[in-house]
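>>> using only what follows, build the 3D model:
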Amino acid sequence: MISNRIENIIAKFLTSQASASELSELELWIEDANNLEMFNRYVKINYAIEYNMKEFDSYGVKSKLQEAFARENKERKLKKLRKIIYYSAAAVVLGIVTTTYFYRLGLFDKPVATPVVVKNTIEAGTDKAILTLEDGSAVVLEKDKTYQKNNVVSNGKELVYDSKNKTQSALVYNYLTIPRGGQFQIKLSDGTKVWLNSETKLKFPVAFKEGSTRQVELVYGEAFFDVSPSSEHNGAKFKVLNKSQEVEVLGTEFNIKAYEDEDKIYTTLVEGKVAVSNSNSKKHLIPNQQSIVNLKNGNMAVNPIDAYNEVLWTKGIFSFKGKSLKEIMNVMSRWYDFQVVFQNPELEKVKFNGVLSKNDNIKEILSIIKKTNFINEYEIKDQKIIIK
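Numbers count the residues shown, from 1 in each chain. Have a look, this model is predicted:
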């Protein structure tokens with residue numbers, strides 16, 4: 001079985017984000033014949049489609065590897081890593097690689113129209129956020145720009161609150177809002193780290209009240225929490241509130257997705273323990289389980305899931321397994337800040353597997369999806385993408 005760490009390195013390798021040390025680790029791992037076989041099987045299952053296997057250019061992959069190693073000053077590793085190419089040449093596709101579950105014989109022979117690009121102003125997102133202070137004033141946080149005031153400092157990527165700051169009086173709250181096309185991190189005063197995805201808003205105290213439950217509110221959006229354990233805070237629990245559920249933890253890693261335009265809330269446990277509750281029920285999760293709260297009827301279900309795959313967005317990678325084209329485009333629309341329109345509603349249901357870097361060009365992504373022949377054409381008009 002492939003460990004979560006190796007899965008992560010493979011995903012980064014396929015999206016050209018692996019560091020020199022990670023490439024070395026992957027090289028050593030595949031020297032074992034059993035591991036190499038698992039690598040082949042894993043890539044074929046998760047990151048290949050029959051079309052791409054037919055059209056695969058092994059020399060192109062070699063070139064990509066050479067570029068990656070040159071960037072990391074690891075040219076000498078090429079000879080040993082060529083066995084990856086030899087055994088996996090029919091499976092590996094760099095960049096976004098999609099798997100469709102609706103392959104039909106002869107479909108790829110259908111003529112495909114040329115996409116129309118009127119004006120491509122769609123770019124990948126970046127580190128940015130709006131910090132709303134207790135007096136209502138707003139501070140714009142941006143990549144490579146620093147900010148410091150009293151007990152808080154930002155380097156343009158992360159907001160850090162003074163860990164020594166505790167309060168015995170009434171709590172004072174700040175808000176951190178991530179717009180479409182943005183992402184940001186925050187370290188709360190208790191040491192808890194939170195990764196915030198695009199179109200997300202978090203309410204939190206500037207300092208937690210000593211001896212009381214530590215409580216924040218995910219107003220909307222998606223956030224990954226690495227909670228400082230209760231043992232470091234005199235047993236104080238940690239809770240994440242949302243208008244439709246409550247998550248109670250003791251010290252753990254978990255992800256909550258609660259977007260306003262979706263009718264479900266997803267809570268995924270990576271490590272530790274959480275209790276998810278709403279007005280209807282309460283469920284305890286163990287690692288690699290996900291609770292789903294249906295906002296229409298309040299029902300809650302718990303399903304097994306690959307938790308690590310769900311949080312790869314915090315590593316700069318979008319990973320899709322069995323996701324519909326509509327779901328994929330919704331995720332990307334938040335990051336690239338565009339509106340998507342499907343001319344044929346049936347296209348929304350087509351399912352894919354794949355990984356893509358959050359730095360990929362949107363035109364490249366659309367072109368590869370188009371090669372599956374499930375979309376005939378796409379059109380970009382300013383900040384709108386029309387799927388045909």
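>>> residue 233 against residue 188, yeah?
No. If you go by CB atoms under 8 Å, residue 233 and residue 188 don't touch, sitting 11.3 Å apart. No exception for glycine: its C-beta is placed from N, CA and C like everyone else's.
>>> which one's more surrounded, the two?
Using other CB atoms under 10 Å as the criterion, residue 233 and residue 188 rank with residue 188 on top: 24 against 21.
>>> list the buried residues in stretch 345-358.
Neighbour counts using 16 or more other CB atoms under 10 Å place 347, 350-358 of stretch 345-358 among the buried residues.
>>> and that stretch, how far out from the chain middle?
14 Å (CA atoms, centre = their mean, to the nearest Å).
>>> using CSV, write down the CA coordinates of it.
Output in CSV follows, covering the C-alpha atoms of stretch 345-358 (Å, rounded to 0.1, in the frame of the first residue of the first chain):
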residue,chain,number,x,y,z
PRO,A,345,-26.3,20.3,-19.2
GLU,A,346,-25.3,16.6,-19.8
LEU,A,347,-21.7,17.7,-19.9
GLU,A,348,-21.9,18.6,-16.2
LYS,A,349,-22.3,14.9,-15.3
VAL,A,350,-19.2,13.6,-17.1
LYS,A,351,-16.7,12.3,-14.4
PHE,A,352,-12.9,12.6,-14.4
ASN,A,353,-9.9,11.7,-12.2
GLY,A,354,-6.8,13.9,-12.2
VAL,A,355,-4.4,16.3,-10.6
LEU,A,356,-3.5,19.8,-11.5
SER,A,357,-1.2,22.4,-10.1
LYS,A,358,-2.8,25.5,-8.8
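>>> backbone phi and psi for residue 328, please?
phi -60, psi -40 (degrees, to the nearest 10).
>>> so what's the residue most central in space within the chain scoring on pLDDT?
Taking CA atoms, centre = their mean, the centroid of the chain lies closest to residue 313, which sits 1.8 Å from it. Residue 313 is assigned a pLDDT of 93 by the prediction.
>>> and for residue 233 and residue 188, which residues touch both?
Jointly contacting residue 233 and residue 188 under the rule CB atoms under 8 Å, 6 or more residues apart in numbering are 208, 214.
>>> burial of the closest residue to the residue nearest to the centre of the chain other than its chain neighbours, as a residue count?
Nearest in space to residue 313, with sequence neighbours left out and distances taken as CB to CB, 6 or more residues apart in numbering, is residue 197 at 6.1 Å. Here the count is done by other CB under 10 Å, and residue 197 has 22 residues near it.
>>> next: residue 294.
15.
>>> redo the buried residues of stretch 345-358 as TSV? Include distance to residue 134, secondary structure and pLDDT.
Shown next, in TSV, are these (distance: CB to CB, whole Å; DSSP: H, G, I helix; E, B strand; the rest coil; pLDDT from 0 to 100):
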residue	distance to residue 134	secondary structure	pLDDT
347	47	helix	89
350	47	coil	86
351	46	strand	84
352	45	strand	79
353	45	strand	77
354	43	strand	76
355	41	strand	80
356	39	strand	81
357	37	strand	82
358	32	coil	87
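>>> what mean pLDDT does the strand ranked longest in the chain get?
Ranked by residue count under DSSP state E, the longest strand found in the chain is strand 214-226. Averaged over strand 214-226, pLDDT sits at 97.
>>> circling back: thought the residue nearest to residue 313 was touching residue 183?
Yes. With contacts counted by CB under 8 Å, residue 197 reaches residue 183, the gap being 6.1 Å.
>>> tell me the strands beside the next helix or strand after the longest strand of the chain, with direction?
Under the assignment DSSP states H and E, the closest C-terminal helix or strand after strand 214-226 is strand 238-242. As defined by DSSP bridges, the strand partners of strand 238-242 come to strand 214-226 (parallel), strand 245-249 (antiparallel).
>>> got a markdown table for those strands, with mean neighbour count and distance to residue 135 too?
Output for the strands paired with strand 238-242, formatted as a markdown table (neighbours: other CB atoms under 10 Å; distance: least, CB to CB, whole Å):
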| stretch | mean neighbour count | distance to residue 135 |
| --- | --- | --- |
| strand 214-226 | 21 | 19 |
| strand 245-249 | 21 | 29 |
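>>> list the contacts for residue 385?
Here residue 385 is in contact with 122, 329, 333, 338-341, 362, 366, 378-379 (criterion: CB under 8 Å, 6+ apart).
>>> restricted to buried residues, select these in PyMOL.
Of these, the buried ones go into a single PyMOL selection, burial set by 16+ other CB under 10 Å:
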select buried, resi 122+329+333+338+340+362+366+378+379
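>>> can the contacts of residue 385 go into a markdown table with extra columns for pLDDT, secondary structure and distance to residue 213?
Listed next are the contacts of residue 385 as a markdown table, based on pLDDT from 0 to 100; DSSP: H, G, I helix; E, B strand; the rest coil; distance: CB to CB, whole Å:
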| residue | pLDDT | secondary structure | distance to residue 213 |
| --- | --- | --- | --- |
| 122 | 87 | coil | 43 |
| 329 | 92 | helix | 39 |
| 333 | 94 | helix | 36 |
| 338 | 94 | coil | 40 |
| 339 | 94 | strand | 40 |
| 340 | 94 | strand | 40 |
| 341 | 94 | strand | 45 |
| 362 | 88 | helix | 43 |
| 366 | 85 | helix | 46 |
| 378 | 89 | strand | 49 |
| 379 | 90 | strand | 51 |
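>>> ok, the contacts of residue 385 vs residue 228, which is closest?
Of all these, residue 333 has the smallest distance to residue 228: 33.4 Å, by CB to CB.
>>> just checking, that closest one touches residue 339?
Yes. Taking contacts as CB under 8 Å, residue 333 lies within contact range of residue 339: 6.7 Å.
>>> a helix runs through residue 10, doesn't it?
Yes. Using DSSP: H, G, I helix; E, B strand; the rest coil, the assignment for residue 10 is a helix.
>>> lovely, talk soon.
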